[in-house]
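# pasting the sequence and the predicted coordinates here, then a few questions.
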Amino acid sequence: MNLVDLLALAAPILLKGTLYTLIFAFSAMFGGLVVGFILAVARIIPSRAVQVPAIVYVSMMRGTPLLVQVFIIYYGLPSIGISFEPLTAGIIALSLNAGAYISESLRGAIQGISAGQWSAGYSLGLNYWQNLRYVVLPQALRLAVPAMSNSLISLIKDTSLVSVITVTELLLATKDVIATTFQPLPLYLAAAAIYWVLCLILEQVQARLERHFGRATRSA
C-alpha cells in the first residue's frame, strides 16, 4: 500500500480521533477553569482551614503523574463503588489535573494585582467578594491568559494518555489503523502532525487574546 492510499484509508479514523481529542481538551479546560478558580480563591482566603486543603490538593495533583491519576479514577475508584464511563473518567482526570495548574496561574495573577486596586474597591464600599469579582478578577484574568492558554495547549497533548482507558482519541485511533495496516512510521508521523497543527492553531488564538487584552490594558 502506497503512502497516498494509506493516508486516504486512515484519514476518516484519524479525524474522528482528532474530534475526540478536541472534545477532551476543551471539556477538560472548562472543568479545569471551574476547579482552578475555586482553588485559587481558596488559596487567597485568609483562613488556614480553607488554604491547607487547597495547597495539599494542588501539590498532590502537580506532584503525581497524570497517567496515575487516570488509572486511579478509572480503575481504582470502582473498588469503592464509584465508576465512570471511559469518556467521563478521562474528562474528570484531565479537568482535576488541569485545575491544579490553572489555579496557580490565577492565584499568581490575583496576587499580582496591586494592593491599591483592592483599596480603591473598598473605598467605593465594596466588600471582599464584590471587590474580587468586579475589580480584581477582570484584571487578573488578563494577566493569566498566557499561562492558561499554555495549559490548554498542554491538554491537547495530554489527551493521548486517556488512550490507556480505551478512549478512541487520536493516539488510540492511530494505533487501531496501525494494527490493520502494519505501517507505524507514516501513521505516527501523521498523528504527530495533527497534534502539531492543533497546537499551532491554539498558539495563534493565544497570541490574538494577548494582543486583545494588551490593547484593553493600554486603553484602560
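Received, thanks.

# quick one: low-confidence residue ranges for this structure.
Residues of the chain meeting the criterion pLDDT under 70: 213-220.

# which residues of the protein fall in helices?
Across the chain, reading from the start of the chain, the helices by DSSP state H fall at 3-44, 48-63, 66-71, 86-111, 115-123, 128-131, 137-158, 170-181, 184-219.

# burial-wise, tell me which of the ones you listed comes out on top.
Mean neighbours per residue, mean count of other Cβ atoms under 10 Å, is largest over those for helix 86-111, with a mean of 22. Any C-beta I mention is one placed from the backbone N, CA and C, and that applies to glycine too.

# in this structure residue 169 contacts residue 25, no?
No - with contact taken as Cβ atoms under 8 Å, residue 169 and residue 25 are classed as non-touching, separated by 9.4 Å.

# which residues does stretch 145-160 contact?
Outside of stretch 145-160, the residues within contact range by Cβ atoms under 8 Å, 6 or more residues apart in numbering are 20-22, 24-26, 28-29, 32-33, 66, 90, 94, 97-98, 101-102, 105-106, 108-109, 169-171, 195, 198-199, 202-203, 205-206, 209-210, 213.

# relative to the whole chain's centre, how far out is it?
If you compare the mean C-alpha spot of stretch 145-160 with that of the full chain, they lie 5 Å apart, counting by Cα atoms, centre = their mean, to the nearest Å.

# would you mind extracting the C-alpha trace of that stretch into PDB?
Presented in PDB, the C-alpha positions along stretch 145-160 are these (Å, rounded to 0.1, in the frame of the first residue of the first chain):
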ATOM      1  CA  VAL A 145      -4.300  34.500  29.800                       C
ATOM      2  CA  PRO A 146      -0.800  33.300  28.600                       C
ATOM      3  CA  ALA A 147      -0.400  30.700  31.300                       C
ATOM      4  CA  MET A 148      -4.000  29.400  30.900                       C
ATOM      5  CA  SER A 149      -3.500  29.200  27.100                       C
ATOM      6  CA  ASN A 150      -0.400  27.200  27.700                       C
ATOM      7  CA  SER A 151      -2.400  24.800  29.900                       C
ATOM      8  CA  LEU A 152      -4.900  24.300  27.100                       C
ATOM      9  CA  ILE A 153      -2.100  23.600  24.600                       C
ATOM     10  CA  SER A 154      -0.700  21.100  27.100                       C
ATOM     11  CA  LEU A 155      -4.100  19.500  27.400                       C
ATOM     12  CA  ILE A 156      -4.200  18.800  23.700                       C
ATOM     13  CA  LYS A 157      -1.100  16.600  24.100                       C
ATOM     14  CA  ASP A 158      -2.100  15.200  27.500                       C
ATOM     15  CA  THR A 159      -5.300  13.700  25.900                       C
ATOM     16  CA  SER A 160      -3.100  11.000  24.400                       C
END
